[in-house]
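*Asks:* sharing a model that was predicted from the sequence below.
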Amino acid sequence: MLPTAIVIDQRYARHRPGQHHPERPERITSLVAWAEEAQDAVEKLPPRYATNEEICRAHDPTYVERVAATAQQPLVHFDPDTAACSDTYDTARLAAGGFLTLLEAIVQGGVENGFALVRPPGHHAEYRRAMGFCFFNNVVIGAEHLRRRFGTERILIVDWDVHHGNGTQHFYERDPNVLYLSLHQWPLYPGTGDLTEVGTGAGEGFTVNLPLPAGTGDAEIYHLAKEIVQPVALAFRPDFVLVSAGFDGHRRDPLAELALTDTGYRYLARTLVEVAAATAGGRIALVLEGGYDLTALVQCTHAVTQELAGQRPKLPEPPVTAAAKVLLERFHRAFERYWPL
């Protein structure tokens, strides 16, 4: 078995969106400290910069120029939550390129799978708009790199950040060759990701939103992973699995109200590793999105990286809770016309 890789770099701490901002540099410095003690079985890859051409596969060139222009200014607000400092453009290019570094290593056979621990995050970034702490949509840039450079045909993008990935959904909502599946708290920022958003035109049914109420925990996630996520993913038969991996659904996180622990993220990661093994030759790559409690961020990153590396302890199989029954019934009704549930 090839090793698991992580991409991480102290330079990701250079993006500083303002004092007391939750998407703070300490998110990376805490992970750098963890990575220094990571096991030898995990290979550490240095990131490269994404080129302008690679970024413009996901974004309007004029918008990219707007982000680039912030390098000359101390702080530029794109919206009340999303601010760039003089190092943000450079750091965002390195974040996107870090994910491309990981994808290239997997496709070229150097590693089995991996996790790109980058910032700023990306899944809220629209084609022409920064929002939600995000500037360049790292997972979309990665998916388009796989398609255009390596000819990957069918890509599954699972987004388990607590906030819905509006930018990713909008980019692929008409595309039947990219399945976007999101588990997120509802209602919550940015207000997208309703159950009725299933894609349009040829892409109808290839957007699968699983909006979750506050308080959803590990037991519900276990059954959703087994009875919704896994059968949909296996029926789609992806050639590559990508994950927008936010850990702000953890019960410690200050920005949301889900009740997951690292065990819940293990359930999700293990399910997707199994899907990748069944249909994609084991090819699965994660890219960091949210997660604003530093203890939870490190714990969950460690747990998910262990799952990728084959260090998979026996986990409890929780009973079907009343909340899980409600969610399963609701999601079955919504998606059984599109997928064999």
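*Replies:* Arrived safely.
*Asks:* so who does the closest residue to Thr70 other than its chain neighbours touch?
*Replies:* Once flanking residues are discounted, Thr70 sits nearest to Ala84: 4.0 Å by CB to CB, 6 or more residues apart in numbering. From N, CA and C alone the C-beta is placed, and that goes for glycine too. If you count contacts by CB atoms under 8 Å, 6 or more residues apart in numbering, Ala84 has them with His15, Pro17, Val67, Thr70, Gln73, Leu75, Val76, Phe78, Ala130, Phe135.
*Asks:* partners of the helix or strand hosting Ala84 in the sheet?
*Replies:* Using DSSP states H and E, Ala84 falls within strand 82-85. Partner strands for strand 82-85, per DSSP bridges, with pairing direction: strand 75-79 (antiparallel).
*Asks:* how about the strand it pairs with: buried residues?
*Replies:* Val76, Phe78 (16 or more other CB atoms under 10 Å).
*Asks:* hang on, the earlier thing: mean confidence (pLDDT) on the strand holding Ala84, please.
*Replies:* Taken as a whole, strand 82-85 carries a mean pLDDT of 98.
*Asks:* same thing with stretch 167-175?
*Replies:* In this model, stretch 167-175 has a mean pLDDT of 98.
*Asks:* now swap in stretch 110-119 and tell me
*Replies:* Computed over stretch 110-119, the average pLDDT equals 97.
*Asks:* just the terminal-to-terminal distance for stretch 199-216.
*Replies:* End-to-end distance of stretch 199-216 (CA to CA, to the nearest Å): 25 Å.
*Asks:* tell me how many other residues surround Val320.
*Replies:* Number of residues near Val320 (other CB atoms under 10 Å) recorded here: 13.
*Asks:* same thing with Arg128?
*Replies:* By other CB under 10 Å, 12 other residues sit near Arg128.
*Asks:* OK, contacts around it?
*Replies:* Going by CB under 8 Å, 6+ apart, Arg128 touches His59, Asp60, Thr62, Tyr63.
*Asks:* can you list contacts of the least confident helix or strand in the chain by mean pLDDT?
*Replies:* In the chain, the helix or strand scored least confidently by mean pLDDT, DSSP states H and E is strand 42-45, which has a mean of 94. Contact with strand 42-45 is made by 3-8, 35, 38, 101-102, 105, 110-111, 114, 305, 309, as judged by CB under 8 Å, 6+ apart.
*Asks:* how about the strands in the stretch 101-250 of the chain?
*Replies:* Per DSSP state E, counting those that start in this stretch, the stretch 101-250 of the chain carries strands over the ranges 113-116, 155-159, 178-185, 207-212, 240-245.
*Asks:* of the ones you listed, which is nearest Val320?
*Replies:* Closest approach to Val320 among the strands of the stretch 101-250 of the chain (CB to CB): strand 207-212, 15.7 Å.
*Asks:* outside of that closest one, which residues touch it?
*Replies:* Contacts with strand 207-212, where a contact means CB under 8 Å, 6+ apart, come from 164, 169, 172-173, 179-187, 193-195, 197-199, 220, 224, 228-229, 232, 258, 327, 331, 335, 338-339.
*Asks:* rerun at 7 Å
*Replies:* Strand 207-212 is contacted by residues 169, 173, 179-186, 193-195, 197-199, 224, 228, 232, 258, 331, 335 when judged by CB atoms under 7 Å, 6 or more residues apart in numbering.
*Asks:* if we can go back for a sec, among the contacts of strand 42-45, which ones are buried?
*Replies:* Neighbour-count burial (16+ other CB under 10 Å) is assigned, among those, to 3-8, 35, 38, 101-102, 105, 111, 114, 305, 309.
*Asks:* between the residues you listed, which sits nearest Pro318?
*Replies:* Using CB to CB, Thr305 comes nearest to Pro318 of the buried ones among the contacts of strand 42-45, at 23.2 Å.
*Asks:* before we move on, the earlier item: now do the next helix or strand after the least confident helix or strand of the chain: which elements does it pack against?
*Replies:* Moving toward the C-terminus from strand 42-45, the next helix or strand (DSSP H and E) is helix 52-55. Where contact means 3 or more CB pairs under 7 Å, 6 or more residues apart in numbering; DSSP states H and E, helix 52-55 is packed against helix 88-107, helix 138-150.
*Asks:* ok, 8 Å please
*Replies:* With contacts defined as 3 or more CB pairs under 8 Å, 6 or more residues apart in numbering; DSSP states H and E, helix 52-55 has these neighbours: helix 61-69, helix 88-107, helix 138-150.
*Asks:* check the contacts of strand 207-212 for burial and list the buried ones.
*Replies:* Taking 16+ other CB under 10 Å as the criterion, what is buried in the contacts of strand 207-212 is 169, 173, 179-186, 193, 197-199, 224, 228, 232, 258, 331, 335.
*Asks:* any idea how far Thr321 is from Gly217?
*Replies:* Distance of Thr321 to Gly217, computed by CB to CB, to the nearest Å: 8 Å.
*Asks:* of these two, which one has the most company?
*Replies:* Regarding Thr321 and Gly217, a neighbour count based on other CB under 10 Å identifies Gly217 as having more, with 20 against 15.
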